[in-house]
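Asker: sequence unavailable; structure follows:
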């Protein structure tokens, strides 16, 4: 079970302003490769911009404090943002969390087509996503 940092998601009221900031001030590029296909009819329909430093993606997502409620999930990854890791064994990672008594929300492919996602909280309430790309 391997985890690799995949992206950092920042929630914002103004996606265009954040996109301009990260491109103009930090010199990040627009990401074009490996972008998720958002499932906008299943609880979250916000705008998202994708930028990168060439290694790690940033997902600049429209804040939606009701996305978890609208999706029937206990963890909302777009109310305050999240950090996301990609794994090659999501089933094994879920067992790892269960063995430690850590509850998680299993979003499946509800938010992103082709990515099976789970979300959970760290001890300070920060949201962590772990996903596996469907084969």
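Answerer: Okay, I see it. It should be emphasised that the depicted structure is a prediction, and the values quoted were computed from it without experimental measurement.
Asker: okay, and the helix or strand of the protein with the least pLDDT?
Answerer: strand 37-38 (a mean of 64; mean pLDDT, DSSP states H and E).
Asker: buried set for the biggest strand by length in the chain?
Answerer: Across the chain, the longest stretch assigned as strand under DSSP state E is strand 3-12. For strand 3-12, the neighbour count (16 or more other C-beta atoms under 10 Å) marks 6, 7, 9, 10, 11, 12 as buried. For every residue, glycine as well, the C-beta is placed using N, CA and C.
Asker: which phi and psi does the nearest residue to residue 12 once chain neighbours are set aside have?
Answerer: Residue nearest to residue 12 in three dimensions, not counting chain neighbours: residue 18, with 4.6 Å by C-beta to C-beta, 6 or more residues apart in numbering. Main-chain torsions, residue 18, degrees, to the nearest 10: phi -70, psi -40.
Asker: try residue 81
Answerer: phi 100, psi 180.
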